[in-house]
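In: For reference, the sequence and a predicted model appear below.
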Amino acid sequence: MAKLTRQQATLHLAACELLALDRELTPDERLFVLDYWQESSTGTNTLDGAFFTPWGLAVDVAVEVTGHRIIDLCAGIGALASACLTYGPRGREVVCVERNPRYVEIGRKVVPDATWIQADVFHLPDGLGRFDTAVSNPPYGATTRSGNGPGYRGRRFEYHVIAVASRFAAHGVFLIPQESTPLRPSETGGFTTVEDDEFRRFTTGTGIRLETNCGLDTSSYLYEWRGVAPRTEIVLATFGTRGFAPAPGVLPATDTSEGPGLLPMGAAG
């Protein structure tokens, strides 16, 4: 386990004790685990780019999620999925895709109403079907990956996940680093457009445009992340019918480095 403060370690152990109970957890107990189980306890979170979404921020992301059938890519232990179920319409279906088996095990305990699939986002199983919205807080930057999203071969993991999402969903809601968005908060309020070369490479290759959210401010959650404090933005995408093409659209990676890129850090769930 990475070094934790005494308080963090105590709360993490309490979360582990809840997970060990041979019964369903109460809603309050599930939220406790989401808040205090430390992803660094697996020892691979930095390599995986796994840093879990603070609960309040997950709720803000869920504000933009629409429809009855949702897929959460790189779901972590399920903060986004839980928020989508808690604040969504009755009968909403959420499918969580996560490759880390420990995260999936915990996710099934804390978000039992979701369907959990242990799989690499670049090698998804057949038969997932169509979704109204894809949601994700993916790993960021130059995190090692096993494949590429359709139409993009660059270094930003988050763009690959957005491209993968375009094969399955009509809409997308993504929590990504501020430097990866074309929409930066301006000093006068609102957003200003700043497109760097990597973003233009992504949009040219995929045809996907990222749009601003309804005005949600992520800066208030900056110090609620565990271990990192990434500056993020909630961005939206409209995929339309492109998400329902029959071709898998996910190709093996041939070169995942492509220049210095960003430092390996990221997020999940």
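Out: That came in fine, so what should we check first? Just so it is clear, the model here is predicted, and its values are computed rather than measured.

In: Mind naming the longest strand for this protein?
Out: Longest strand of the chain, by residue count under DSSP state E: strand 169-177.

In: Output that strand as CSV - backbone C-alpha positions only.
Out: The C-alpha trace of strand 169-177 is given here as CSV (Å, rounded to 0.1, in the frame of the first residue of the first chain):
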residue,chain,number,x,y,z
ALA,A,169,-23.4,5.3,-27.4
ALA,A,170,-25.4,8.2,-28.9
HIS,A,171,-24.0,10.7,-26.4
GLY,A,172,-20.9,10.9,-24.1
VAL,A,173,-20.1,12.6,-20.8
PHE,A,174,-16.4,12.6,-19.9
LEU,A,175,-14.3,13.9,-17.0
ILE,A,176,-10.9,14.8,-18.6
PRO,A,177,-7.9,17.0,-17.8
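
In: pLDDT averaged over it - what is it?
Out: Averaging pLDDT along strand 169-177 gives 96.

In: Walk me through which strands it pairs with, and which way each runs.
Out: Paired with strand 169-177 in the same sheet, following DSSP bridges, are strand 131-136 (parallel), strand 232-238 (antiparallel).

In: Looking at those strands, spot the one closest to Glu93.
Out: Of all these, it is strand 131-136 that lies closest to Glu93, at 8.8 Å by CB to CB. Any C-beta I mention is one placed from the backbone N, CA and C, and that applies to glycine too.

In: So what's the gap between the closest one and the chain middle?
Out: Taking the mean of its C-alpha atoms, strand 131-136 sits 11 Å from the chain's own mean (CA atoms, centre = their mean, to the nearest Å).

In: Could you look up the next helix or strand downstream of the host helix or strand of Ala58?
Out: Using DSSP states H and E, Ala58 maps to helix 55-63. Sequence order places strand 69-73 as the next helix or strand after helix 55-63, per DSSP H and E.

In: what is the mean pLDDT for stretch 8-27?
Out: Stretch 8-27 shows an average pLDDT of 95 in the prediction.

In: in it, what's buried?
Out: Gln8, Leu11, His12, Ala15, Leu18, Leu19, Leu25 (16 or more other CB atoms under 10 Å).

In: Tell me where the protein has helices.
Out: In the chain, the helices defined using DSSP state H lie at 6-19, 27-36, 45-48, 55-63, 79-86, 101-110, 157-165, 197-206.

In: Surely Val104 touches Gln118?
Out: Yes. Using CB atoms under 8 Å, Val104 is in contact with Gln118, at 4.6 Å.

In: of these two, who's got more company?
Out: Between Val104 and Gln118, counted using other CB atoms under 10 Å, the more crowded position is Val104 (21 against 16).

In: list the contacts for that one?
Out: Val104 sits next to Cys96, Glu98, Trp116, Ile117, Gln118 when contact means CB atoms under 8 Å, 6 or more residues apart in numbering.

In: Gly129 too?
Out: Shown in contact with Gly129 (CB under 8 Å, 6+ apart): Arg69.

In: dump the residue contacts of Thr26.
Out: So Thr26 contacts nothing (CB under 8 Å, 6+ apart).

In: for it, phi and psi?
Out: Phi and psi for Thr26, reported as degrees, to the nearest 10, are phi -70, psi 160.

In: these two touch, right, Asp72 and Val94?
Out: Yes. Asp72 lies in contact with Val94 (CB under 8 Å); the separation is 6.2 Å.

In: Mutual contacts of these two, please.
Out: With CB under 8 Å, 6+ apart, Asp72 and Val94 have common neighbours Ala81, Cys84, Ala114.
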